[in-house]
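# Got a predicted model here, sequence first, then my questions.
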Amino acid sequence: MTDILRVRRREWTPDIRKRYALVAVLPAIALLAVFVIYPLVLLVIESSQDGFEVYGRVLSSGSGQKAIATTFTASLVATGIVVLVSSIIGWTIRTTRRRWVRALCWVCVLAPFWMGAVVKNYAIVLLISNKGVVNAGLRALGLDPVQMLYSTPAVVLGISYSLIPFGVLTINAVFQTIDLNLLRNAEVLGSTRSGSIFRVMVPLAGPGFIASGAIVFALSVGFYVTPVVLGGAKSPFLATLIQANILQYFDLPAAAALSVILLVVALLVMIVTIGLVGVGSVRRAMTRS
Amino acid sequence: MAKLLDIVVRSLGRIALAAIVIVILAPVVVVLLISFSDQVRFAFPPGGFGWRQYQELFRDPVWMESIGLSLSLALPATFLAVAVALPVSLIAQRSKLPGRNLLQGTAVASIIIPTTALAVGLFTLYSRLGLTSTNLGLIVAQAVLALPIVLIGITTGLSKISRTPEFAAMTMGASLTRALLEITGRALLPAIVASAIMGFLHAFDEVVIVNFVGGPGQVTLPKAILDSVQNQTDPVITAAASLLMIGSALLMAVAAIVGRIASRRRRG
């Protein structure tokens, strides 16, 4: 009798059993651990072999300081541009009644995606190089050509151009949650159209702007192609300095130290943002839903 | 006064929008325009029009090889990314495994790791493992980059699928595996296809890691374009760029249509 009672009956559950679940996610754990987390740990190990001597060397060198200052300033300016432009496009998509305007806005969001990372920058080279389209236009008007390529503003333009689609998608996710009736109510109560945007929409979407801006900033500091192509091989950006350290000077510790600085800044920005607007806003911006 | 300000702000907004549209579309138009020019060296405005750039592109074995290499890396990378992402998404929503959300969150959050930093990290790792200049190393790296994109797509798709039909199948005697495969799996298929396409485009477009860990023989299409952009502005690039652009646009349209079919099926 007791033997029958002792038979363990597993309770029925609609969920996948834990042990199968664990087996199923093992490849993902392995991939992330070996090819994402471990490489980043290696960066820290590689850069701190002689204590923090490498960091001192990198941070005290003129090129290192200039690269850090330029990279973070350019990323900050680009983030501002992206959030502003994306809000204008996103809000137009959300509110316009004209279908062709909405379609045109979506084309603007998708066009940089279609081009891919390298082609985008190449197209900008064609536009702003000394023999490019803009200077051809200036010459046709009888004006002197302007040197635009291989400058920090060119890199800012390239980063902004690349991240506007991302900005629109993240900000759009926030705009979708805003009840347009609130703005109509504000107008009924005497607010102007632009007044309702600044006093109703902007405060409501505020956390979304911050979350979107943080992700855009974190992505923009890691840009590699844009500083190299639009800033030139000697542009004062972290990406170009890292490239030079690896491919020209074979100074892996310095490249690793600069990469750790990039990583830490990106992570700090995300942590501060989560602290400011909560993990929900950041998750919504990241998954765009 | 407030009215006047409103009119000024609104006109400024419209002018800004028009300027934004022009600036965003200008590069696309210029690339397409130059790709149909007959010039040997880049010049603007182009002198005449023709198919020269496309003929040169298809005549040059270097470009053809780079397209072949890109496909042979991006396709397995996409497959790997989907094979790894799908269980993560499924386990996060269909099991009580401790740490399931942490795993999914980590995989999604890996999108914000600065690519340059990850490239240097992988360069260090691959030097130790002897994976530099290998196709395997590049496939895995591209899969890692595509993983968050694929995972976001599949997770969003799965979260929109009701569990009720799954439960119904199980009350009628289907095993959990069968219910997951035949009910939820079928409903999820469009989302999987759409995310795979987006992941493929991301992997195909990858150039930073190739630049650091790829060997001299590993010139993918984006790498070939990057190399020739840095050396000179050969107008043949515009033909490669235009084809890349049209190909991505078509694939994205397919992904969007597949996604729409999925949502229609859910409603109907």
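Structure's in. What do you need? All values reported here derive from a predicted model rather than from experimental measurement. Residues are numbered from 1 along each chain as shown, chains lettered A, B, ... in the order given.

# Name the residues of the stretch 151-268 of chain B found near chain A, please.
Proximity of the stretch 151-268 of chain B to chain A, by C-beta under 8 Å from any C-beta of the partner chain, involves residues B:152, B:155-156, B:159, B:163, B:166-167, B:170, B:176, B:180, B:201, B:204-205, B:207-208, B:211-212, B:222, B:225-226, B:229-230, B:233, B:237-238, B:241, B:244-246, B:248-249, B:252. All C-beta spots, glycine's among them, are computed from the backbone N, C-alpha and C.

# out of these, which are buried?
Buried members of those, counted by 16 or more other C-beta atoms under 10 Å in any protein chain shown: B:152, B:155-156, B:166, B:170, B:176, B:180, B:201, B:204-205, B:207-208, B:211-212, B:222, B:225-226, B:229, B:233, B:237-238, B:241, B:244-245, B:248-249, B:252.

# Quick one: mark the members of these that sit in strands.
The members of those all map outside strands under DSSP state E.

# Quick one: the helices in chain A, in order.
Applying DSSP state H to chain A gives helices spanning A:2-6, A:18-32, A:38-47, A:53-60, A:62-95, A:99-128, A:133-140, A:152-175, A:180-188, A:193-196, A:202-221, A:225-231, A:238-247, A:252-287.

# Residue B:12: which of those helices is closest?
For the helices of chain A, the distance to residue B:12 is smallest for helix A:193-196, at 9.1 Å, taking C-beta to C-beta.

# Low-confidence bits of the stretch 101-250 of chain B, can you list those?
Counting by pLDDT under 70, the stretch 101-250 of chain B has low-confidence residues at B:232-233.

# now with 90?
Where the stretch 101-250 of chain B drops to pLDDT under 90, the residues are B:101-112, B:115, B:131-133, B:156-191, B:194, B:205, B:211-218, B:224-245, B:248.

# just the helices in it please.
For the stretch 101-250 of chain B, the helices defined by DSSP state H, counting those that start in this stretch occupy B:115-129, B:135-159, B:164-171, B:176-179, B:185-205, B:208-213, B:221-231, B:236-267.

# closest to residue A:27 out of the ones you listed?
Using C-beta to C-beta, those put helix B:135-159 closest to residue A:27, at 10.4 Å.

# Can you give me the buried ones in the helix or strand where residue B:68 lies?
Assessed by DSSP states H and E, residue B:68 sits inside helix B:61-94. Buried residues in helix B:61-94, counting neighbours by 16+ other C-beta under 10 Å, are found at B:63, B:66-67, B:69-70, B:73-78, B:80-82, B:84-94.

# ditto for stretch A:175-186
Buried positions in stretch A:175-186, judged by neighbour count with 16+ other C-beta under 10 Å: A:175, A:178, A:183, A:186.

# circling back to that earlier point, helices or strands up against the helix holding residue B:68?
For helix B:61-94, the packing partners by 3 or more C-beta pairs under 8 Å, 6 or more residues apart in numbering or on different chains; DSSP states H and E come out as helix A:18-32, helix B:100-109, helix B:135-159, helix B:185-205, helix B:221-231.

# Could you give the separation of that helix from the chain centroid?
10 Å (C-alpha atoms, centre = their mean, to the nearest Å).

# ditto for stretch A:278-289
14 Å.

# One more: stretch A:132-139?
Here stretch A:132-139 is found 31 Å from its chain centre; the criterion is C-alpha atoms, centre = their mean.

# close to chain B, is it?
Yes - using C-beta under 8 Å from any C-beta, stretch A:132-139 reaches chain B at A:132, A:133, A:136.

# Now that stretch: average pLDDT?
For stretch A:132-139, the mean per-residue pLDDT is 86.

# Run through who's touching it.
Contacting residues not belonging to stretch A:132-139 are listed as A:125-129, A:144-146, A:148-149, B:26, B:30, B:44-45 [C-beta atoms under 8 Å, 6 or more residues apart in numbering or on different chains].

# Kindly recompute the last result at 10 Å.
For stretch A:132-139, the external contacting residues (C-beta atoms under 10 Å, 6 or more residues apart in numbering or on different chains) are A:123-131, A:143-149, B:26-27, B:29-30, B:33-34, B:42-45, B:233.

# Next, the angle helix B:221-231 makes with the helix holding residue B:68.
With axes from the mean of the first three to the mean of the last three C-alpha atoms, to 10 degrees defining the directions, helix B:61-94 sits at 130 degrees from helix B:221-231.
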